[in-house]
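> would you be able to build a 3D model of this:
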Amino acid sequence: MPFAFSFAPVRRRVLAALSVAALAAAGVAQAQSPQPIRLLVGFPAGGGTDAIARTLADRLKEHLGGRQVLVENKPGAGGQIAAQTLKASPADGSTFFISHDHTITILPMVVKNPGYDSARDFVPVAGFATFVNAFALSAGTPAKSVDEYVAWVKSQGQGKATIGVPAPASTPEFLVKVMGERYGLDLVPVPYRGSAPMIGDMLGNQIAAGTGSVPDFIEHHKAGKLRVVAVLGGQRQAVLPDVPTFSELGLKGLEDLPYYGIFAPAGTPQPTLDQFAQALAKVIAEPEVKQRLTGWGLDVAFMSGAQLTQREAAYRQVWAEIIRKTGFQPQ
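Next up is the predicted model:
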């Protein structure tokens, strides 16, 4: 009987070996693939900060060697939850925090125990913009200027009215207090969990007025759904050339500009911070990104970590005095 050799067992062994090798290679690749970077946002999806974060995250990947940047919303307590999450995160470059002045500068001055110390627990990575806050009216409010609003409140509510603010004990809330004193009104701030729910109530005419950042209001203002009638800062905004500053209206002392920056847990290696800062600088220089951010009312300009530290310190000094004058006590 002639010898018959079957290739079937050999073929099975070869395929099995190839399969094991492929799985091993996949495992090595997965192990070597860097984990995505978390970019924490302290406010709900749909607000101005969230939109800015997602715009940056979409482009940062290209400048970070293909490493994904995923926006993670941690809303609540004016950004405290996100800040506390950052503090508890490893200082290995896997977690960053995009924030404006409220969480970094204002909250530590108005909350007895925010759960973090900005100077001790965080390190500034880089800043990318300044912006201004604004006062806006819902479409159902007949007033079309601050003076008309003041007259309307006096005629409708005997000088008492509520104004929405995106977070308790925030710059917008203190603006409400300053406005009340300046115009002789009893203005009561109504805090929300971020700008998105506040603006939702304004669009539904459930609240007649609100304060917040220009990026929060700008698209609705352009669409005629809300009316921005005054802005803070020392000059009118390019995106709102017809809207006066409070300084023009006689309300001085509100010219210092808040900022947007990126922060990391203290102890994050400097080369890691530098890499992210350099990537951010490249992203905000891209014409499409810069145009989008500028269109939202941001004054886009790169700030190094050291420059962001200086900007924060100057802002804190101005608002510490404003808060003191309102008589507000840390809670």
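> so where does P189 fall, helix or strand?
Under the criterion of DSSP states H and E, P189 resides in strand 186-191.
> ugh, wrong one, I meant G164
Taking DSSP H and E as the definition, one finds G164 inside strand 160-165.
> helix or strand right after the host helix or strand of A51?
Taking DSSP H and E as the criterion, A51 maps to helix 48-63. Tracing the chain past helix 48-63, the next element assigned as helix or strand by DSSP H and E is strand 69-73.
> tell me what the next helix or strand after that next one is packed against?
The helix or strand immediately downstream of strand 69-73 is helix 80-88, counting by DSSP H and E. Counting by 3 or more CB pairs under 8 Å, 6 or more residues apart in numbering; DSSP states H and E, the packing neighbours recorded for helix 80-88 are strand 37-41, strand 95-100, helix 118-121, strand 122-130, strand 259-265. (Each C-beta comes from the backbone N, C-alpha and C, glycine too.)
> what's the mean pLDDT across the second one?
Regarding strand 95-100, the rounded mean pLDDT is 97.
> likewise the shortest one?
Throughout helix 118-121, pLDDT has a mean value of 96.
> got any ranges where this protein has weak pLDDT?
Residue ranges of the chain with pLDDT under 70: 1-33.
> go again using 50 as the cut-off
Low-confidence segments of the chain, defined by pLDDT under 50: 1-7, 14, 20, 23-31.
> quick check, V228 in a helix?
No: assignment of V228 by DSSP: H, G, I helix; E, B strand; the rest coil gives strand, placing it outside any helix.
> wait, doesn't it sit right on L240?
Yes: if you go by CB atoms under 8 Å, V228 and L240 touch, sitting 5.9 Å apart.
> what residue lies at the spatial centre of the protein?
Nearest residue to the geometric centre of the chain (CA atoms, centre = their mean): T49, 3.2 Å.
> switch the helices and strands packed on helix 80-88 over to a markdown table; also include distance to G305 and mean neighbour count.
Output for the helices and strands packed on helix 80-88, formatted as a markdown table (distance: least, CB to CB, whole Å; neighbours: other CB atoms under 10 Å):
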| stretch | distance to G305 | mean neighbour count |
| --- | --- | --- |
| strand 37-41 | 17 | 21 |
| strand 95-100 | 12 | 25 |
| helix 118-121 | 13 | 15 |
| strand 122-130 | 4 | 23 |
| strand 259-265 | 9 | 25 |
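> just so I know, which of those lies nearest T309?
Taking CB to CB, strand 122-130 is the member of those nearest to T309, at 5.3 Å.
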